[in-house]
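Asker: no FASTA, just this:
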């Protein structure tokens with residue numbers, strides 16, 4: 001698995017966060033291997049989209 005951060009997406013941190021929440025709801029609280037990879041990708045996207053402190 002790559003840990004490099006993708007270029008910033010067009011989505012806001014709030015939009016990505018909502019997708020993360022939806023993934024957890026769909027999974028019933030336990031992520032499969034494939035869902036875990038998606039979760040990790042989403043967390044990296046969220047971090048890249050989150051506002052950075054000045």
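Answerer: Structure received. For clarity, every value in this text was computed on a predicted model and none was experimentally measured.
Asker: name the nearest residue to residue 46, ignoring sequence neighbours.
Answerer: Sequence neighbours aside, residue 16 is the residue nearest to residue 46 in space, at 4.2 Å (criterion: CB to CB, 6 or more residues apart in numbering). Placement of C-beta: from N, CA and C, glycine included.
Asker: for that neighbour, which residues are in contact?
Answerer: 9, 42, 45, 46, 49 (CB atoms under 8 Å, 6 or more residues apart in numbering).
Asker: element containing it?
Answerer: helix 13-27 (DSSP states H and E).
Asker: number of residues surrounding residue 25?
Answerer: Counted with other CB atoms under 10 Å, residues neighbouring residue 25 total 9.
Asker: shaky segments in the protein?
Answerer: Under the criterion pLDDT under 70, the flagged ranges of the chain are 1-9.
Asker: after the helix holding residue 16 comes which helix or strand?
Answerer: helix 33-49.
Asker: how near is residue 20 to residue 50?
Answerer: 12 Å (CB to CB, to the nearest Å).
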